[in-house]
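S.K.: I would like to see how this sequence folds:
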Amino acid sequence: MDNHGFEVKEHIKEQLKTLPNQPGIYIMKDLKGEIIYVGKSKNLKNRVSSYFRGFKSHMPKVQTMVINIAEFEYIITDNEMEALILEANLIKKNLPRFNILLKDDKMYPYIVVTTGERFPRVYMTRQLPKGNHKIFGPYTSVEQVKITLEVIQTLFPLRECSKKITDKVERPCLNYHIGRCAGACNHMISDEDYNKYVIQIIRFLNGDKDWLIKSLQESMMEKAQNMAFEEAAVIRDKIQALKALNEKQKAIQTGGKNQDYIATYSFEDRACVMLFQVRNGKIEGRESFNLVNAEATETSELLVSFLTQYYSGSEVIPPEIYLSEEVENVGLYADWLFRLSGHKVVISVPQKGEKKRT
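M.R.: Down below sits the predicted model:
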């Protein structure tokens, strides 16, 4: 076995002989004992041994990694799914320097509806709160989140304060006097009526907005017919705010589905992933992600690295994910996303029509 000057260490040769022909994950370490690479395979013996054969045929990045391997460990799993889950967790925890890593130098915003509170609030956060709350996101555009919250606060008079609401009647704040709060602190609204607003907001954040415009238009007409023109004008402004939000979210198809579109671009030693989030048939966010340690890497491998790292930390996984290129074992990743989300997830490559143009 000619490795063109590279010599496999004797203790590694002995360890390679004992590797099982079973699925699992393998962990490469350097002389300091630091984890430099984590991988998975349905056959540990074949996969790990391949690193130490045909050294000159490996890409420079792989050659450098192999030279730095002082020892390796492996964990046998019952199946490929367990190996995938364990690999994703270890990469996320250890950030090995030879793995393709999603460069996440910013925390993406979420919208929280604090359904665990008696009178829930709605706000943006970058750190998920503890408790039984409704979480929406992550969103790729902070500006879009701020616009959405402004529309919500215009339409629904929920409290914005963080004070604990008790049976004691508190002095209302300015928001109550200008109509932006229904007066939960001074008990001007019942729990039941307040929760009706909360249910409508959750429906709104799930992407269902058309019903709200129709309902507001009917209410505006009723006010106008009863000569309550000032109240009708307030409702008119809410309708305009809602329509403006809809116009900012370009409709790309008529199905009204929730989908993610993912594509990669590579140049020399740099790689980038573009993500478009479609919610209820409209683009609600788009973002680019840099991948490090991605030089001379196949597009399919870049896509897999992004899938496992991005969705392992995502609160919302859409039922349809479209990739710019085919990946191997796509069923394995679809099953993994099913476990994470609790619903069926289809991963595919658009061939024609609106999906391909997106």
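
S.K.: helices of the stretch 151-300 of the chain, residue ranges please.
M.R.: Using DSSP state H, counting those that start in this stretch, the helices of the stretch 151-300 of the chain run over 174-177, 191-205, 210-225, 229-248, 299-311.

S.K.: quickly compare the ones you listed and say which is most buried.
M.R.: Most buried of the helices of the stretch 151-300 of the chain, by mean neighbour count (mean count of other Cβ atoms under 10 Å): helix 299-311, with a mean of 20. For the C-beta atoms, the positions are set from N, CA and C on the backbone; glycine is no exception.

S.K.: redo the helices of the stretch 151-300 of the chain as TSV? Include distance to Val8.
M.R.: Below are these laid out as TSV (distance: least, Cβ to Cβ, whole Å):
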stretch	distance to Val8
helix 174-177	70
helix 191-205	56
helix 210-225	65
helix 229-248	58
helix 299-311	25
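
S.K.: for these, which one sits closest to Asn21?
M.R.: helix 299-311 (22.9 Å; Cβ to Cβ).

S.K.: next structured bit after that closest one?
M.R.: Proceeding N to C from helix 299-311, the next assigned helix or strand is strand 320-323, under DSSP states H and E.

S.K.: dump the residue contacts of Arg171.
M.R.: The contact partners of Arg171, taken as Cβ atoms under 8 Å, 6 or more residues apart in numbering, are 185-186.

S.K.: what does Asn186 give?
M.R.: 169-172, 176.

S.K.: possible to save those residues as TSV with pLDDT and distance to Gln144?
M.R.: Output for these, formatted as TSV (pLDDT from 0 to 100; distance: Cβ to Cβ, whole Å):
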residue	pLDDT	distance to Gln144
Val169	74	38
Glu170	77	33
Arg171	78	35
Pro172	76	31
Tyr176	76	28
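
S.K.: from Phe136, how far out is the residue positioned nearest the centre of the chain?
M.R.: Nearest to the mean C-alpha position of the chain, by Cα atoms, centre = their mean, lies Ser314 at 3.4 Å. In this view, Ser314 and Phe136 are 11 Å apart by Cβ to Cβ, to the nearest Å.

S.K.: right, and Arg118 touches Asp191 too?
M.R.: Yes: applying Cβ atoms under 8 Å as the test, Arg118 and Asp191 come out as touching, 6.8 Å apart.

S.K.: what strand or helix carries Ile111?
M.R.: strand 110-113.

S.K.: and Ser57, how many neighbours?
M.R.: When neighbours are counted by other Cβ atoms under 10 Å, Ser57 registers 10.

S.K.: in this protein, what residue sits furthest out from the centroid?
M.R.: Met227 (48.0 Å).

S.K.: which pLDDT value goes with it?
M.R.: Here, the pLDDT recorded for Met227 equals 89.

S.K.: state the phi and psi torsions of it.
M.R.: Backbone torsions of Met227, given as degrees, to the nearest 10, read phi 70, psi 20.

S.K.: look up how far Lys45 lies from it.
M.R.: In this view, Met227 and Lys45 are 84 Å apart by Cβ to Cβ.

S.K.: and if you look at Ser348?
M.R.: Counting by Cβ to Cβ, the gap from Ser348 to Lys45 is 33 Å.

S.K.: between the two, who's got more neighbours?
M.R.: The neighbour comparison of Ser348 against Lys45 (other Cβ under 10 Å) goes to Lys45, with 16 against 13.

S.K.: got the contact list for that one?
M.R.: Contacts for Lys45 (Cβ under 8 Å, 6+ apart) come out as 16, 19-21.

S.K.: please apply the same query to Asn175.
M.R.: Taking Cβ under 8 Å, 6+ apart, one finds 159-161, 181 in contact with Asn175.

S.K.: how about these in JSON lines, adding pLDDT?
M.R.: As requested, the contacts of Asn175 are arranged in JSON lines below (pLDDT from 0 to 100):
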{"residue": "Arg159", "pLDDT": "89"}
{"residue": "Glu160", "pLDDT": "83"}
{"residue": "Cys161", "pLDDT": "83"}
{"residue": "Cys181", "pLDDT": "85"}
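
S.K.: are any of those residues buried, and which?
M.R.: Buried members of these, counted by 16 or more other Cβ atoms under 10 Å: 159, 181.
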